[in-house]
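**Q** how would this look folded up:
(2 chains)
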Amino acid sequence: MAHQTRLSRLLLSLALGAFAAAMLFPIAFTVLNSFMTEEEIGRNYDLLGKMAEAPAGGQAAFVNLKLLPDWLTIRQYAQVLILSPKFLRMFWNSIALVLPIVAGQTLIGSLAAYAFAKLRFWGRDQLFLVYVMTMLMPFQVTLVPNYLIMDRLGLMDHELAIILPGIFGAFGVFMMRQFMSHIPYALMEAAKMDGAGHGIIFARILLPLAKPGLAALAVLLFVDYWNMVEQPLIFLQDAAKQPLSLFLAQINQSARGVGFAASALYMAPMVLLFLYAESYFVEGIQQSGIKG
Amino acid sequence: MEERMTSSRRKKLRLLTGLFLALLVGCTLAGNTLRNLALPRVYLASAGSGTILHPYEGTATVMPKESKEIVNPAGWKVARILVKAGDPVTQGQPLIVYDDSETREQLLDMQTELKKSTLSMSLLQSNYREAAISGDEQKKENARVAIETAKLDLSTQQRHIQQLEKDLAENRQSVAPFDGVVTRLNAAVGFASSGSPELVLTDSAKGFAIECQIPGDVANLLEIGEDLDQISLIGRDSRQLTGAIVDIKESLPEQVNSSSGGNTGELPSVLPHSVVRIEIKDTKLQGGERVKIAISKESENSMITVPNEAIHYDERSAYVFTLDTDSGPLGNAYRAVETPVTIADKNSFVAGISEGLFPQQEVILHSAKDFLMDGMRVRR
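**A** The predicted model follows:
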């Protein structure tokens, strides 16, 4: 019996290990390839997309997927970080867009979630349902009304055209409401007995308890808005204001090395944030019952 | 135990994140500095305001207002020249004596012929008398016709002689028709002139004038009757003269093109050159002197001025590059902006702008790069 258990554990570990390797391969591939010279990248991947045209059986007809570079170089990083101002400008643009959205939506979301989860008022659940329904609609559906509203507000080509809809997104409300509904009423009632109002209950009782939820929300929002493409593409015409997510789309064939380096740097903030908030994140996801 | 591990892991991650951000901030700042260094440097000037000065300096030759060309009246060779260029002469004064020996010979020949004809006349008359006595009508008629013919010949010869005598009297010498100065002498002893005047005599009593081609922008500000005092003689006697404008004539466009041809980079002057005639009031002049003229006129209205160097032209209009400042978190960013302007007036150095700029506005004089474009980032 014990032998069987050990075997099944081994098999499970192998299966999970293979799965993890499959998930990690693109990341490792990107990072390692970012240290290759442009010539080497050219040699390896010039046939990308042309394999069908190449004569059958020819050795050169295959793309050479290589993990370890022949010659290590940081030229691509120098190009991205020092020689070309575009990457860093777009990086800071991304930061300037994403941080207000994450902070704003976390704040607004937790305040609204408090009301939806802990206050009793007429039509609460119906209102919440309507609110959540906006979350179910993909961005493309609300694109035209959003565009018209931003145009009317005179916010076209302005960062606020992305930040404002981001701050008042429904996802934060939904997630925090799910999280807060698991916090027992008994805690609030005890605080009320001690004379605490809603402000104190929210700030002193609920927020500390909702820390994992807030962390999970922050990570999810950061990833979501760090990767947004459609919104900046539509609302920001000025290339000087566009975020980093549009940078990779603009890299051409002759600068694939730069593309790898940029991708590695592009991933870094998300990876660091995730690693930092990992334990909160797992806890938060577990408690709110949401699967990312 | 697990908590401690998490906390030390967080510390490491915080350090890593800090380092990553520090790297990006450092690169941003360094990149900005490097990029700034790569931007074309521009040199600026502030738009001034004032009037546009239109200076002109040129030289001209003093010409008499009235002059007369004395031509060789009969085409005889010159025997003696009694004056030289620059001599003042009075009315009636002989100037050139011509060699009349040939005509005198002719006259003597004619007189001899006349005498011979007179002698033969008496012979014809005696023939007639004999014919009349003989009663031969035919002979008589012949003799009469011969006499008549001889009379006609005589009168022709007499007229010739009179004509020659008159020629001798009139053409022996040329005299001054008025008081004046000999300005040019073409005659040479022993030669007959070939149609050109042998001598040019100027009328000093009528005064002198100069003519000069003045650029349109200056000429436009001149008026007929205006006094000019910046005229001076070139040479040892460099005294000041005064003059008055008597005529302003616009040159033909072809002349303007030929004078401004070759300056393809510059906009040709809109106004054509003008020929300005200035009358000089001075009794000591003789004509032919070189003078230097300086004219300096100011535009009537005060306007915004920029150096010509800052002005560019395209097929539509004139424009200057002004500087647009975007203030950013990493210092100001400057951009060259193409600003169309209307040029109201210009001289060789500055242009007066009537529209498009405000006083003290900074314009780009030139840049370290060969060309600038609208919206290009620059470094000041």
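**Q** and the gap between residue B:116 and chain A?
**A** Distance, residue B:116 to chain A, by CB to the nearest CB, to the nearest Å: 119 Å. Where C-beta positions appear, they are placed from N, C-alpha and C, glycine not excepted.
**Q** Tell me how many other residues crowd that residue.
**A** Neighbour count of residue B:116, defined by other CB atoms under 10 Å in any protein chain shown: 11.
**Q** repeat for residue B:91
**A** For residue B:91, the count of nearby residues is 10 (other CB under 10 Å).
**Q** how far away is it from residue B:203?
**A** From residue B:91 over to residue B:203 the distance is 11 Å, taken as CB to CB, to the nearest Å.
**Q** tell me, what's touching those two both at once?
**A** B:178-179 (CB atoms under 8 Å, 6 or more residues apart in numbering or on different chains).
**Q** May I ask which helix or strand of the chain has the lowest mean pLDDT?
**A** I'll assume chain A. helix A:278-288 (a mean of 76; mean pLDDT, DSSP states H and E).
**Q** I was after chain B.
**A** Least confident element among the helices and strands of chain B, by mean pLDDT, DSSP H and E: helix B:253-260 (a mean of 44).
**Q** which is the next helix or strand following that helix?
**A** strand B:274-280 (DSSP states H and E).
**Q** Just the buried positions in that following strand, please.
**A** Buried residues in strand B:274-280, defined by neighbour count with 16 or more other CB atoms under 10 Å in any protein chain shown: B:274, B:276-280.
**Q** That strand: partners in the sheet, and parallel or antiparallel?
**A** Partners of strand B:274-280 in the sheet, by DSSP bridges, are strand B:208-214 (antiparallel), strand B:240-250 (antiparallel).
**Q** So which residues make contact with it?
**A** Strand B:274-280 is contacted by residues B:60, B:62, B:65, B:207-214, B:216, B:219-220, B:222, B:228, B:231, B:241-251, B:291, B:293 when judged by CB under 8 Å, 6+ apart.
**Q** avg pLDDT for that strand?
**A** If you average the pLDDT over strand B:274-280, you get 86.
**Q** mind checking which helix or strand residue 166 is in?
**A** If you meant another chain, say so; for now it's chain A. Here residue A:166 sits within helix A:160-167, counting by DSSP H and E.
**Q** other chain: chain B
**A** Going by DSSP H and E, residue B:166 is in helix B:137-171.
**Q** Just grab the bridge partners of residue B:324 for me.
**A** With DSSP bridges as the rule, residue B:324 is bridged to residue B:335.
**Q** For burial, what's the neighbour tally of residue 30?
**A** All of this refers to chain A. 17.
**Q** not quite, I wanted chain B
**A** 13.
**Q** Flag every buried residue along the strand or helix carrying it.
**A** Secondary structure from DSSP H and E places residue B:30 in helix B:2-38. By 16+ other CB under 10 Å, the buried positions in helix B:2-38 come out as B:13, B:17, B:24, B:27-28, B:31-32, B:35-36.
**Q** Tell me how far that helix lies from the chain's centre.
**A** 76 Å (CA atoms, centre = their mean, to the nearest Å).
**Q** List the contacts of the nearest residue to residue B:190 once chain neighbours are set aside.
**A** The shortest distance from residue B:190 to any non-neighbouring residue, by CB to CB, 6 or more residues apart in numbering or on different chains, is to residue B:77 (6.0 Å). Applying CB under 8 Å, 6+ apart to residue B:77 gives the contacts B:98-99, B:190-192.
**Q** Cool, thanks, signing off.
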